[in-house]
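Q: here's a sequence, model it:
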Amino acid sequence: MSAAGAAPAPGAVVELDGVSRWFGDTVALSDVSLSLGPGVTGLLGHNGAGKSTVLSLLAGSVRPSQGRVRVLGGDPHADPRVHRGLGVVPDGEGTWGHASAHAQVAFLARQRGVRDPGAAAARALERVGLGAAAHRRVAGFSKGMRQRVRLAQALVHDPQVLLLDEPFNGLDPAQRRADVELVVALGAEGRTVLVSSHVLAEVERMAQRVLVVVNGRLVAEGEPAAIRDLLVDRPRSVHLDGERVLELAGLLLAEGVVESVQRDPGGRGGVMVQAPRATALAEAVPQLARRVGATLRRVEPVGEDLESTFAHLVRRARGAGR
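A: Numbering: from 1, shown residues only. Next up is the predicted model:
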């Protein structure tokens, strides 16, 4: 991650430099710096983490409270020329039920100054798999089809930069696979694509780089495998229950796999162990259970949710002096 106030990265197409954004007393984004070039970058975070604020700043729909935003070398809030090379799919519904898909995409093409709006709309709809449905009213479309109309609107003027805010929400698995493949293809064409999600597995399938936002702060970035390691191999509380589980817990403690053992405070029986590394615990439990002859009925992480996962990253970032 770039430090606040750092010089722009060579070849950067999208930049935030020391950017904060607040709404009244609410800090939506705090001192974020990043530089993106061509390819697909995933923006990962829980709901309310600040992902949509990042995308809104880059789209120019809001301006930073402090810091600098640049897209294609210009200020997206103040320079209309930026939007000739910028395509945006915001979160939420954005289609008109009474009009056809072609009419809606062609309207956006005219707004962008495309020379032949009708032909451009037809190409964009074909690209997103809606060629056969182009002249149907959108009111009869599924949610997945309406999402693709919005993507066609973003693509119709052949932009260099694409900002996609949770574009796969509400899609069935087949639609998700097809749309992930499309995003991958768009990045492979040399476009700069920033796509937000709260699902790591989804981001891994399409992004070469992942940015993690927690409570308005950029707390981690890197290749998807490295981000998975951060999210998965972290301290865990795990409930163990079964025959001879106390002997197993004692051996885990003696071997240094866990840091503490206590009777399960929830009253369900068994024990609660605190492990500094989840992967080490997962590897050790079956091996040591065989050694002591333990039969396990339950191995259950405690407090295992997306909020706690990202909270760990916040603590880690603070410990690193961020």
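Q: could you pull out the strands for the stretch 101-250 of the chain?
A: Secondary structure of the stretch 101-250 of the chain (DSSP state E, counting those that start in this stretch): strands located at 161-165, 192-197, 209-214, 217-222, 236-243.
Q: of all those strands, which one is nearest Leu155?
A: For those, the distance to Leu155 is smallest for strand 161-165, at 7.6 Å, taking Cβ to Cβ. C-beta coordinates here come from the backbone N, C-alpha and C atoms, glycine included.
Q: could you dump the closest one to PDB, C-alpha only?
A: Output in PDB follows, covering the C-alpha atoms of strand 161-165 (Å, rounded to 0.1, in the frame of the first residue of the first chain):
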ATOM      1  CA  VAL A 161     -11.600   1.900 -16.300                       C
ATOM      2  CA  LEU A 162     -14.500  -0.100 -14.800                       C
ATOM      3  CA  LEU A 163     -15.800   0.300 -11.200                       C
ATOM      4  CA  LEU A 164     -18.100  -2.600 -10.200                       C
ATOM      5  CA  ASP A 165     -19.900  -2.400  -6.800                       C
END
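Q: buried residues of stretch 120-137, list them for me.
A: Buried residues in stretch 120-137, counted by 16 or more other Cβ atoms under 10 Å: Ala120, Ala121, Ala122, Arg123, Ala124, Leu125, Arg127, Val128, Gly129, Leu130, Ala133, Ala134.
Q: what's the first-to-last distance across that stretch?
A: One end of stretch 120-137 sits 19 Å from the other (Cα to Cα, to the nearest Å).
Q: now do that stretch: distance to the chain's middle.
A: Relative to the centre of its chain, stretch 120-137 is centred 27 Å away, using Cα atoms, centre = their mean, to the nearest Å.
Q: where does the protein have low pLDDT?
A: For the chain, applying pLDDT under 70 flags the ranges 1-11, 231-234, 265-268, 303-322.
Q: and the helices in it?
A: Remark: helices assigned in the chain by DSSP state H are 51-59, 101-111, 117-127, 143-155, 173-188, 200-204, 224-232, 245-254, 278-292, 306-319.
Q: of all these, which lies closest to Val238?
A: helix 278-292 (6.4 Å).
Q: just to revisit the earlier point, of all the helices of the chain, which one is nearest Asn215?
A: Nearest to Asn215 among these is helix 306-319 (6.6 Å), distances taken as Cβ to Cβ.
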